[in-house]
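Novice: What follows is a predicted structure for the sequence shown.
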Amino acid sequence: MQKIINETTKKAFLTKFGEHIKQLRQERDLSQTEFARRCNTNVRKVIRTEKGEYDFKISSLIALAKGLDVNITELLEFEYPENLFETFWSEEFPHSDKSAGK
C-alpha cells in the first residue's frame, strides 16, 4: 500500500498560497516584474505561483520570502484549506498483477 498526494488538496493549498503571495506582493506595492527581479526568477513563475499552478521547491520559498522581505514563517501564515493535514495524503492500493511472479 502506497501513500500518494491527494491532488485536490494539493491544488487547494497551492491556490490559497498563491493568493497569499499575491496579497503580500500587493501590500508592498510591488509589480510582478519587480517581485520576480527581487526573487531572482521570471515573471511567468510569479504569475504561475499566484495562480496556484506552480509547485515549488524549498529554495523557491526562500526566494519568495527574500523577495517580499519577510521570514518564511510569515510567508506560510495564511488560512490553509480545511483538513489539509488529514487529506494531503491518500491511500493507493496497488493493482494486483496476477501474472507477476508466475
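Specialist: Sure, I can see it. Residues are numbered from 1 along each chain as shown.
Novice: ok, T87 - contacts?
Specialist: N6, T8, T9 (Cβ atoms under 8 Å, 6 or more residues apart in numbering). Where C-beta positions appear, they are placed from N, C-alpha and C, glycine not excepted.
Novice: What's the ChimeraX line that selects buried ones from the residues you listed?
Specialist: Selecting the buried subset of the contacts of T87 in ChimeraX, with 16 or more other Cβ atoms under 10 Å as the burial test, is done by:
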select :6,9
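Novice: Just put the contacts of T87 in JSON lines and tack on distance to K66, secondary structure and pLDDT.
Specialist: Listed next are those as JSON lines, based on distance: Cβ to Cβ, whole Å; DSSP: H, G, I helix; E, B strand; the rest coil; pLDDT from 0 to 100:
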{"residue": "N6", "distance to K66": "30", "secondary structure": "coil", "pLDDT": "78"}
{"residue": "T8", "distance to K66": "31", "secondary structure": "helix", "pLDDT": "83"}
{"residue": "T9", "distance to K66": "28", "secondary structure": "helix", "pLDDT": "80"}
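Novice: Nearest to E74, out of the contacts of T87: which one, please.
Specialist: T9 (23.0 Å; Cβ to Cβ).
Novice: Leaving out chain neighbours, which residue sits closest to that closest one?
Specialist: Nearest non-adjacent residue to T9, counting by Cβ to Cβ, 6 or more residues apart in numbering: T87, 4.5 Å away.
Novice: mind checking pLDDT for that neighbour?
Specialist: T87 carries a pLDDT score of 71 in this model.
Novice: Any figure for the gap between it and I5?
Specialist: 10 Å (Cβ to Cβ, to the nearest Å).
Novice: Also R38?
Specialist: With Cβ to Cβ as the criterion, R38 and I5 are 30 Å apart.
Novice: Looking at those two, which has the bigger crowd around it?
Specialist: R38 (18 against 12; other Cβ atoms under 10 Å).
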